[in-house]
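Enquirer: need the 3D shape of this:
(one chain, ligands or ions: 2)
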Amino acid sequence: MTTLATEAQTHSSAPDPAQAGSQPEDPKPDHPKPDHPKPEVREGAFGNARALSCRECGHEVELGPQYACPECFGPLEVTYDFPAVTRAQIEAGPPNIWRYQALLPVPDDITESPNTEPGFTRLLKADNLARELGLSALWVKDDSTNPTNSFKDRVVACALSAARELGAKVFACPSTGNLANAVAAAGARAGIPTVVFIPADLERPKQINSAVYTDRLVAVNGTYDDVNRLASEIAGEEEGWAFVNVNVRPFYAEGSKTLGYEIAEQLGWRLPDQIVIPVASGSQLTKVDKALRELVTLGLVEDKPYRIFGAQATGCSPVATAYKAGVDAIRPVKPDTIAKSLAIGNPADGVYVLDICRRTGGAVEDVGDDEVRAGILLLARTEGIFTETAGGTTVACLKKLVESGRLDPALETVVINTGMGLKTLDAVADSVGPAATIDPSYAAFTATGLA
Ligand SMILES: Cc1ncc(COP(=O)(O)O)c(C=O)c1O
Ligand SMILES: [Zn+2]
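Expert: Ligands and ions are numbered 1, 2, ... in the order given. Predicted coordinates for the structure are as follows:
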């Protein structure tokens, strides 16, 4: 078992030509590597998880705060020895992500520790939007109703469990906004100090939604990719810091599987035909795919083909660009879009997103900022759901994919709304408002023509 801090030294994000000069590529040669003691981990700390396995070479290492393969620097992910799991067992569990405890790297007494208990959000039949887009069957998985109003509560709940089991003293993250909100809230509830790092130009509501929970919100002059590099450096220096998406990333990432489990369970234990998912780092999309495959392997759903589609904003679309060019390598970009939650120019899981979308017969699409705004309004006015820019991106990509014929309108489709519109009010503030401002009289109202 390694310490929470040391493995962050192996961080190996690809060099980013778009940002050259803003941060050193290997930031930290002046500081000696601290020698941190190994944390003691109790029996069953990670549930049925067996090891961390390299996605590139398959090499396995002990469960702990590592994210890069010691052999090839490929990303590590959690593998399991699953016991037999039944639908009835899951259905008897709590109405949150812990109903899937047996499928996550968390202990079987997870519900006894304070956490934000996210998940089991509504799956809404979206008939109005389906009609508008000419689809036969459409569902919205609405993750805006999680405790801090995004899907990030799911990943943070799993990272918090790992941090706790590893004896972390500080809970931290670099974030495009929603993750910072989720980390700050979960840390407050768990009684663990939090430090969250964000790009300084982030939307004000997202800053406030972190700062209410923690007095250690750090705004960094730079892009998310700069913030991420800084976080990796700090993770290497500070003993006992669990950076949810850096040194405990494999545990964090598993939380997104619960979106896939819930969609299948809420459809009556079956797989949808098509799913549209927003892509920033790409972690969520890859884990939804992993979840669906696990459900098949465990015999919880019948096997059948499904297609996964990724959604990006054109101003930060390195994965869609690679997809459309038919290449495997992803060229980092400098983001310029109103979809700030998706503004990761150097996506850690981008190549796996490409692989999944190609393998399943899906695609990766992108839309401009005007389409993002229109997507927000379309979902609001057809289904009464106010999404943030990430959801606007996803709905607009859904529309574009239908129009281009890449998404089959005859097949059952699920679109994931990952966040809440109240956090990105500015995106639509100039597009909507009072239809009229009147004196309080019936005559004034009828004069507007709105009666
Ligand atoms: C609302 C929202 N949706 C989607 C994403 C993309 O998640 P991932 O980085 O797992 O691709 C993010 C990431 O911050 C987000 O905040
Ligand atoms: Zn490897």
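
Enquirer: and the gap between Thr79 and ligand 1?
Expert: Thr79 sits 20 Å away from ligand 1, taking C-beta to the nearest ligand atom, to the nearest Å as the criterion. Yep, even glycine has a C-beta here, placed from its N, CA and C like the rest.

Enquirer: just confirm that residue is within a strand.
Expert: Yes: the assignment for Thr79 by DSSP: H, G, I helix; E, B strand; the rest coil puts it in a strand.

Enquirer: skipping adjacent residues, who's closest to it in space?
Expert: Ser53 (4.5 Å; C-beta to C-beta, 6 or more residues apart in numbering).

Enquirer: contact residues of the chain facing ligand 1?
Expert: By C-beta under 6 Å from any ligand atom, the residues of the chain that approach ligand 1 are 150, 152, 176, 178-179, 278-284, 341-342, 388, 390, 418-419.

Enquirer: please redo it, this time with the cut-off set to 5 Å
Expert: Neighbours of ligand 1 within the chain, by C-beta under 5 Å from any ligand atom: 150, 176, 178, 278-284, 341, 390, 418-419.

Enquirer: Thr418 reaches Asp143, doesn't it?
Expert: Yes: the pair Thr418 / Asp143 is scored as a contact, 5.2 Å apart, by C-beta atoms under 8 Å.

Enquirer: what residues are shared contacts of these two?
Expert: Contact criterion C-beta atoms under 8 Å, 6 or more residues apart in numbering; residues shared by Thr418 and Asp143: 150-151.

Enquirer: circling back: who is the residue nearest to Thr79 paired with across the strands?
Expert: Beta-bridge partners of Ser53, counted by DSSP bridges, are Glu60, Glu77.

Enquirer: for it, give me its contacts.
Expert: Taking C-beta under 8 Å, 6+ apart, one finds 59-60, 76-79 in contact with Ser53.

Enquirer: now that we have the residues you listed, which of them are buried?
Expert: 76-79 (16 or more other C-beta atoms under 10 Å).

Enquirer: could you look up the SS state of Tyr261?
Expert: helix.

Enquirer: could you give the number of residues near it?
Expert: 24 (other C-beta atoms under 10 Å).

Enquirer: low-confidence bits of this protein, can you list those?
Expert: For the chain, the stretches with pLDDT under 70 are 1-38.

Enquirer: can you pull the residues of the stretch 1-150 of the chain lying near ligand 2?
Expert: 54, 56-57, 59, 69, 71-72, 74 (C-beta under 5 Å from the ion).

Enquirer: sort out for me which of those residues are in strands.
Expert: Cys54 (DSSP state E).

Enquirer: neighbour-wise, which of the residues of the stretch 1-150 of the chain next to ligand 2 leads?
Expert: Of all these, Cys69 has the most neighbours under the rule other C-beta under 10 Å, reaching 22 neighbours.

Enquirer: distance of it from ligand 1?
Expert: 20 Å.

Enquirer: just Ala184 next, same as before
Expert: 14 Å.

Enquirer: tell me where the stretch 51-200 of the chain has strands.
Expert: Here the stretch 51-200 of the chain has its strands, by DSSP state E, counting those that start in this stretch, at 60-61, 76-80, 123-125, 137-142, 170-174, 194-199.

Enquirer: and for the stretch 351-451 of the chain?
Expert: Using DSSP E, counting those that start in this stretch, strands in the stretch 351-451 of the chain cover 364-367, 412-417.

Enquirer: check contacts around the residue in the stretch 51-200 of the chain positioned nearest to ligand 1.
Expert: Residue nearest to ligand 1 within the stretch 51-200 of the chain (C-beta to the nearest ligand atom): Asn178, separated by 3.5 Å. Contacts for Asn178 were tallied using C-beta under 8 Å, 6+ apart; they are 148-152, 206, 341, 418-419, 423.

Enquirer: over to Glu262?
Expert: Contacts of Glu262 by C-beta under 8 Å, 6+ apart are 119-121, 123, 141.

Enquirer: now Ala348. Nearest residue, chain neighbours left out?
Expert: Ser281 (4.9 Å).

Enquirer: follow-up on the earlier one: now, the most widely separated pair of the contacts of Ser53?
Expert: Distance extremes for those: the farthest pair is His59 and Val78 at 14.1 Å, using C-beta to C-beta.

Enquirer: about what we covered before: among the buried ones among the contacts of Ser53, which one lies nearest to Leu160?
Expert: Val78 (15.4 Å).

Enquirer: quick one on the thing from earlier: which of the contacts of Glu262 sits closest to Thr194?
Expert: Gly119 (20.7 Å).

Enquirer: how many neighbours does the residue nearest to Ala348 have?
Expert: 23.

Enquirer: the one 5 residues further on now?
Expert: The burial metric for Thr286, expressed as a neighbour count using other C-beta under 10 Å, is 28.

Enquirer: doesn't it fall inside a helix?
Expert: Yes: counting by three-state DSSP, Thr286 is part of a helix.

Enquirer: list the residues that contact the nearest residue to Gly134 once chain neighbours are set aside.
Expert: Closest residue to Gly134 apart from its sequence neighbours, by C-beta to C-beta, 6+ apart: Pro409 at 5.2 Å. By C-beta under 8 Å, 6+ apart, the residues touching Pro409 are 133-136, 402.

Enquirer: Pro409 and Gly362: what is the separation?
Expert: Computed as C-beta to C-beta, to the nearest Å, the Pro409 to Gly362 distance reads 15 Å.

Enquirer: with Pro70 instead?
Expert: 33 Å.

Enquirer: between the two, which is the more surrounded one?
Expert: Taking neighbours as other C-beta under 10 Å, Pro70 and Gly362 compare with Gly362 leading, 25 against 13.

Enquirer: pretty sure the more buried one contacts Ile308?
Expert: Yes: the pair Gly362 and Ile308 qualifies as a contact (C-beta under 8 Å) at a distance of 4.5 Å.

Enquirer: overlap in contacts of those two?
Expert: Joint contacts of Gly362 and Ile308 (C-beta under 8 Å, 6+ apart) are 274, 356.

Enquirer: roughly how far does the residue nearest to Gly134 sit from Ala126?
Expert: Pro409 is 14 Å from Ala126, by C-beta to C-beta.
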